[in-house]
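*Asks:* Here is a sequence together with a model predicted from it:
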Amino acid sequence: MRFSRAYIPTTKESPKDAQLPSHIYLSRAGFVAQVASGLYNFLPLGKRVLRKIETIINEEMAACGALEVDLSFVTPAELWQESGRIEKFGKELLRFRDRKDNLFVLGPTHEEMMVSIVRNRITSYKQLPLNVYQVKTKFRDEARPRFGLMRAREFVMKDGYSFHATTEDLDREFDAMEAAYKRILERLGLTFRIVEADSGAIGGTGSKELMVLASSGEDTLAVCDTCEYGANVEAARRSPRVVIPEAPEATFAKFKTPNIKSIEDLSNFFHVDPYYTLKAVVLRAVYEEGSEPVCFFIRGCDELQEVKARNSVGAIDLVDISEAELAEIGLVPGFIGALDQDKIRFVMDNDTRNATSMICGANEADYHFVGVDLSVMGDVPFADLVAVAIGDGCPHCEGKLLHTKGIEVGHIFKLGTVYSAPLKAEFLDENGRSQPFIMGTYGMGVSRLVAAVIEQHHDEKGCIWTHTTAPYMVNVMVSNIKEEAHLAYAEELYATLGTHKIEAILDDRKERFGFKMSDAELIGFPFTVIVGKELNNGHVQILVRATSEMITVDADKVMEKLTELIG
RNA sequence: CGGGGCGUAGCUCAGUAUGGUUAGAGUACUUGCUUUGGGAGCAAGGGGCCGGAGGUUCGAGUCCUCUCGCCCCGACCA
């Protein structure tokens, strides 16, 4: 490609709306242009990057035997009514009617459509397993699109679905997909972590997220400093505490604790570690129909993890509750305890099971119990409710957990029969019995990956593309095109790169040196060959974008050097 | 969906508190000359329904009402 004939509208100023580096540089360097909230046009450079990522995905999917399909973007609303997701998705589903007044939605994801294409066609266990996928535009009418390509309404996603006769076979495929996704991200040159994720309300038996590590990531991860373990904080686990604070000596008693409401006050009042106090967090659990207040009991030294809490009671949402509402139930904030608790539904954290020497509220203003043995609680609901903190022990090894930020670029999920059962997508097993397909789903955000690469690889000058994602590997820059010998040399080098199948662009624009250099750095070609006054001494220079290193090489040895650098 | 902010040249923004000739700057663009290793200089140009609609006024970019759009914080995000 000749730069003079390309369409690469670079700008010196950032669009005022851009906040993230990826948004700023992808806009400034002319990869994408915003159309409306959450909608972007991909300009020639952006399209090239998108296609490179797609190609790598396709290659890895082919290696796993997954089959590419392409489903209609416009989907009949009936399918969504059948699965019950038309209500669940709500306003995120963009709906419209055709000329015959039939209702359609723009596909936000394609579980229903995928199930529909195999339903009544795959009818025997002998035809299983099957893994089909597509790389396709999706549309979700997000309440608040933001961060450029990171959270757009229209975006490109690879979504794959596998169908199995047994859960063992699903497990095998799930592992194969995890390995394939790992290879894809490795090939893209990204630093990432595969983490355990919250399976959420949808259930299923396993869910993992692929997180590109970047400070601007929207998700917080707990990762082990020693082993591979990592999890979204919504699902992170920790090892049992190894250092247990010394237990206070106390026999069971009711104690007057005037106006001692917070864990901190309580801990100071009794001179005990918060570990031995019982924290009560009351929230209103919201369900499909109605809501109810629920109390979550955890150790005073811990924090409640709301997603875990929500899952423990099967709620759609947890919302704050007012003191007035608490008073109505007959609870006194600051003095809520678990013993003889009959006023409210409650869940205990696993770590409070059989706890002794505890201090907890007496369910009466200004009184706490001390020396409480929670093993007397008997048969009450327990669940993992606590947020993993920095420094907690890894559940798999001796390491410590750290927090880091990640961009979710992939999510793989064992669905089981969540969709196949309601959609009546069934096959006959070996015994001739009708069974719903056991399914897995594997998503990867292709357009989000474009942004993720830049979030992880940029500097104050602009983009730094990895070798596999760069729109062009080499930029041959002619410092001054009026120098005929320089231009001729560059033309020849450009042609040679072409014969060696190295993607190159020739910057033959009638611009000054500084202007072209700034563009080269902003766009982020991995290598820029500077053909200029050094050529008079028989040399050219190669700018290595990632390191800003300027390598001077003999003019007739450039190809060798480039080949070596590209690797 | 709650709270806040912003819409003026392709882009980034002044101007709006206190209404008053022909609406500005920088940048980008066009033409000419000079310059040519880090976003060049001089000169001359083109480019605007001041987001839209209604109102107040002799007169509205500026005041009032209503709308539409975009951004930020939060809620939400299989």
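*Replies:* On my side now, so go ahead.
*Asks:* For chain A, which residue occupies the most central location?
*Replies:* Geometric centre of chain A, nearest residue: residue A:408, 1.3 Å, by CA atoms, centre = their mean.
*Asks:* Look at residue A:559 and tell me its secondary structure.
*Replies:* helix (DSSP: H, G, I helix; E, B strand; the rest coil).
*Asks:* Could you tell me how many residues sit around it?
*Replies:* Neighbourhood size, residue A:559 [other CB atoms under 10 Å]: 15. Where you see a C-beta, it was placed from the backbone N, CA and C, and this is true even at glycine.
*Asks:* before we move on, what about residue A:302?
*Replies:* Neighbour tally, residue A:302, other CB under 10 Å: 21.
*Asks:* show me the contacts for the residue nearest to it when sequence neighbours are not counted.
*Replies:* With sequence-adjacent residues excluded and distances taken as CB to CB, 6 or more residues apart in numbering, residue A:302 is closest to residue A:386, at 4.1 Å. Residue A:386 makes contact with A:298, A:299, A:302, A:303, A:304, A:305, A:308, A:349, A:351 under the criterion CB atoms under 8 Å, 6 or more residues apart in numbering.
*Asks:* Touching, the first one and residue A:304? I think so.
*Replies:* Yes: judged on CB atoms under 8 Å, residue A:298 makes contact with residue A:304 at a distance of 5.9 Å.
*Asks:* Overlap of the contact sets of the two?
*Replies:* Common neighbours of residue A:298 and residue A:304 (CB under 8 Å, 6+ apart) are A:279, A:281, A:385, A:386.
*Asks:* how far away is the first one from RNA strand B?
*Replies:* Which is residue A:279. Separation of residue A:279 from RNA strand B (CB to the nearest atom of the strand, to the nearest Å): 20 Å.
*Asks:* And the pLDDT at the nearest residue to that residue once chain neighbours are set aside?
*Replies:* Closest residue to residue A:279 apart from its sequence neighbours, by CB to CB, 6+ apart: residue A:300 at 4.8 Å. We have a pLDDT of 90 for residue A:300.
*Asks:* What is the neighbour count of residue A:300?
*Replies:* As a burial measure, residue A:300 scores 21 neighbours (other CB under 10 Å).
*Asks:* show me where chain A has helices.
*Replies:* Ranges of helices in chain A, per DSSP state H, are A:21-28, A:44-63, A:77-83, A:85-89, A:111-118, A:167-188, A:263-270, A:306-312, A:323-329, A:446-456, A:484-499, A:513-523, A:558-566.
*Asks:* Residues of the stretch 451-567 of chain A that sit close to RNA strand B?
*Replies:* Contact residues (CB under 7 Å from any atom of the strand) of the stretch 451-567 of chain A with RNA strand B: A:461, A:479-480, A:482, A:512-515, A:517-519, A:521-522, A:530, A:532-535, A:541, A:543, A:550.
*Asks:* Out of the residues you listed, which end up buried?
*Replies:* By neighbour count, with 16 or more other CB atoms under 10 Å, those hold A:479, A:517, A:519, A:521, A:522, A:530, A:532, A:534, A:535, A:541, A:543 as buried.
*Asks:* Would you check which pair of these lies furthest apart?
*Replies:* Maximum pairwise distance in these, criterion CB to CB, is 24.5 Å, between A:522 and A:535.
*Asks:* Could you report the separation of the residue nearest to residue A:302 from residue A:155?
*Replies:* Applying CB to CB, to the nearest Å, the value for residue A:386 to residue A:155 is 34 Å.
*Asks:* got it, and residue A:109?
*Replies:* Taking CB to CB as the criterion, residue A:109 is separated from residue A:155 by 11 Å.
*Asks:* more neighbours, those two?
*Replies:* More neighbours surround residue A:155 than the other of residue A:109 and residue A:155, with 25 against 16 (other CB under 10 Å).
*Asks:* Run a quick neighbour tally on the closest residue to the more buried one other than its chain neighbours.
*Replies:* Counting by CB to CB, 6+ apart, residue A:155 lies nearest to residue A:447, which is 4.6 Å off, once chain neighbours are set aside. When neighbours are defined as other CB under 10 Å, residue A:447 has 24 of them.
*Asks:* Is residue A:447 in contact with residue A:151, as I believe?
*Replies:* No: under the criterion of CB under 8 Å, residue A:447 makes no contact with residue A:151, lying 10.5 Å away.
*Asks:* Quick check: neighbours shared by these two?
*Replies:* With CB under 8 Å, 6+ apart as the test, residue A:447 and residue A:151 reach no residue in common.
*Asks:* Residue A:478 against residue A:505, yeah?
*Replies:* No: in this structure residue A:478 lies outside contact range of residue A:505 using CB under 8 Å: 11.6 Å.
*Asks:* ok, these two, which is more surrounded?
*Replies:* Higher neighbour count among residue A:478 and residue A:505: residue A:478, with 29 against 24, using other CB under 10 Å.
*Asks:* So which bits of the stretch 51-200 of chain A are right by RNA strand B?
*Replies:* A:109, A:111, A:140, A:142, A:143, A:144, A:145, A:146, A:147, A:151, A:159, A:200.
*Asks:* I'd like to know which of those are buried.
*Replies:* A:109, A:111, A:140, A:142, A:145, A:147, A:151, A:159.
*Asks:* Just flag the most distant two among the residues you listed.
*Replies:* With CB to CB as the measure, no two of these lie farther apart than A:111 and A:147, at 25.9 Å.
*Asks:* Just want the residue of the stretch 251-400 of chain A that's nearest RNA strand B.
*Replies:* residue A:317 (5.2 Å; CB to the nearest atom of the strand).
*Asks:* What strands line up against the top strand by length along chain A, and which way round?
*Replies:* Longest strand of chain A, by residue count under DSSP state E: strand A:401-416. Sheet pairing of strand A:401-416 (DSSP bridges) gives strand A:206-213 (antiparallel), strand A:219-224 (antiparallel), strand A:438-445 (antiparallel).
*Asks:* Residue A:345 and residue A:313 touch, don't they?
*Replies:* Yes: using CB under 8 Å, residue A:345 is in contact with residue A:313, at 7.5 Å.
*Asks:* So which of those two has more stuff around it?
*Replies:* The neighbour comparison of residue A:345 against residue A:313 (other CB under 10 Å) goes to residue A:313, with 18 against 12.
*Asks:* Hmm, the more buried one is touching residue A:285, no?
*Replies:* Yes: counting by CB under 8 Å, residue A:313 does reach residue A:285; the two are 5.0 Å apart.
*Asks:* picking that back up, who has more neighbours out of residue A:298 and residue A:304?
*Replies:* When residue A:298 is set against residue A:304 and neighbours are counted by other CB under 10 Å, the residue ahead is residue A:298, at 25 against 18.
*Asks:* Residue A:90 versus that one, what's the distance?
*Replies:* 32 Å.
*Asks:* Need the residues that contact stretch A:423-434.
*Replies:* With contact meaning CB under 8 Å, 6+ apart, stretch A:423-434 is reached by A:79, A:82-83, A:112, A:115-116, A:118-119, A:122-125, A:127-128, A:165, A:419-420, A:435-437.
*Asks:* Repeat the analysis, applying 6 Å as the threshold.
*Replies:* Around stretch A:423-434, the neighbours that count as contacts under CB atoms under 6 Å, 6 or more residues apart in numbering are A:82, A:83, A:115, A:119, A:123, A:124, A:125, A:435, A:436, A:437.
*Asks:* Done for today, thanks.
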